[in-house]
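>>> predicted structure and sequence below. I'll ask about it afterward.
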Amino acid sequence: MNIIETTGLVKDYPLGKTTVHAVRGIDLAIAKGDILSIIGPSGSGKTTLLNLIGCIDTPTAGRVKIGDTDVTALDDRRVTDLRLHRIGFIFQTFNLIPVLTALENVEFPMLLMKHHSRAEIRRRAQQLLEDVGLAEYVQHRPAELSGGQRQRVAIARALVTDPDIVLADEPTANLDSVTGASILDAMREMNAKQQTTFIFSTHDANVLKYAKNIVKIKDGLIAREA
């Protein structure tokens, strides 16, 4: 069963008087429970493809399906709801809320869902921060944390809602090798237990070791599937 399908996916960006063809017509099927690594040189379209799959950006042409839902046919409210309930994101730039503590940043997506008690949210967020080695830093704000610590907060936040899909743009970029391996082990365990689908955009050979499948992107097109 495919959890994600893209058909004829195109994304163009105007740049002055020219147009950047970031994604040029990608057809991709990703099975539920996959761990997929998207690889390719800088500027190849990896991050754009992640953003299109994750409904952060909208395609110029083509479509994205999440399960049986054609995301490109949804209005903004329904897209936002789908992102909240089904997709977790780990951004290269972290995108943490500066005025919130690490704990509050991780709690935030669950608060938006409005189906959990405050006690349940607190327990879940604290456990995830402990899992990523930040038990002593739960009350620190992002500015008080190192890049690697902020990355770990972002990872905990992505996992807190138990999403069907986790999209990660260079998930180990700011982590030492030991911490990166422990985070990837936790993701692999989540994948095994809950069939969570993970999609990584990465240059890290260690991340590739965890992948079940690899897709290579070059000049906005799939160059090779392995």
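Perfect, thanks for sending it. Quick caveat, the model's predicted, so the values are computed rather than measured.
>>> which residues in this structure form strands?
2-15, 18-31, 35-39, 61-66, 69-70, 87-90, 165-169, 197-201, 213-218, 221-225 (DSSP state E).
>>> mean neighbour count, those strands: which tops it?
Mean neighbour count (mean count of other CB atoms under 10 Å) peaks for strand 197-201 among those, with a mean of 26. C-betas here are computed from N, CA, C, even on glycine.
>>> quick one: strands adjacent to it?
Strand pairing for strand 197-201, determined by DSSP bridges: strand 35-39 (parallel), strand 165-169 (parallel).
>>> that older thread, okay if I get the strands of the chain as JSON lines plus mean pLDDT?
Shown next, in JSON lines, are those (pLDDT from 0 to 100):
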{"stretch": "strand 2-15", "mean pLDDT": "95"}
{"stretch": "strand 18-31", "mean pLDDT": "95"}
{"stretch": "strand 35-39", "mean pLDDT": "95"}
{"stretch": "strand 61-66", "mean pLDDT": "96"}
{"stretch": "strand 69-70", "mean pLDDT": "94"}
{"stretch": "strand 87-90", "mean pLDDT": "93"}
{"stretch": "strand 165-169", "mean pLDDT": "94"}
{"stretch": "strand 197-201", "mean pLDDT": "95"}
{"stretch": "strand 213-218", "mean pLDDT": "94"}
{"stretch": "strand 221-225", "mean pLDDT": "79"}
